[in-house]
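Student: one predicted model, sequence on top.
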Amino acid sequence: MSGIILTFPILTGKVEAWRRFCQELSGSRKQMYISSRRRLGITLERLALVDTAYGATAVTTLEAPDVGWALGQIITSSLPYDRWYRERVQELHGINLAGYEQYVQPVPPSQNQELLFEWSLTTSDDG
């Protein structure tokens, strides 16, 4: 299972519209939403509203067996629900997901990972 956390600022004056968008996902568009997420293999999606010193931000958590593929489908799909979803993202966040299409291509994980720091409470030596 892979996952990703996405943070998008919410445009000024759009917080209530973002709340309505979330209500639509669990209300009038729930069946389309569920069909979409099942088709994409998404097993968890969490939307949270975070108030920051810089304004409201939406934090989206996604989990799927292949989260990269799922995001690629959201970005490129021509299905009506996916187009509607992208339009709402652009309206509420000012982000055109089509601009991220270059990241849709599968890329093998890097074998040149260098761990520079790790901390864990169980291995803490501070006390």
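Tutor: Received, thanks. Residues are numbered from 1 along each chain as shown.
Student: strands along this structure, start to end?
Tutor: Ranges of strands within the chain are 2-9, 44-52, 55-64, based on DSSP state E.
Student: so L11 makes contact with H93?
Tutor: Yes. L11 lies in contact with H93 (C-beta atoms under 8 Å); the separation is 6.4 Å. C-beta: built from backbone N, CA, C; applies to glycine.
Student: tabulate the strands of the chain in a markdown table, adding columns for mean neighbour count and distance to W119.
Tutor: Output for the strands of the chain, formatted as a markdown table (neighbours: other C-beta atoms under 10 Å; distance: least, C-beta to C-beta, whole Å):
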| stretch | mean neighbour count | distance to W119 |
| --- | --- | --- |
| strand 2-9 | 13 | 19 |
| strand 44-52 | 12 | 24 |
| strand 55-64 | 16 | 22 |
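Student: mean pLDDT for those strands: which is lowest?
Tutor: Across these, strand 2-9 has the smallest mean pLDDT, namely a mean of 91.
Student: if we can go back for a sec, nearest to G27, of the strands of the chain?
Tutor: Among the strands of the chain, strand 44-52 comes nearest to G27, with 13.6 Å by C-beta to C-beta.
Student: packing partners of that closest one?
Tutor: Counting contacts by 3 or more C-beta pairs under 8 Å, 6 or more residues apart in numbering; DSSP states H and E, strand 44-52 is packed against helix 15-26, strand 55-64.
Student: same for the last one, what does it pack against?
Tutor: Packing partners of strand 55-64 (3+ C-beta pairs under 8 Å, 6+ apart): strand 2-9, helix 15-26, strand 44-52, helix 67-76.
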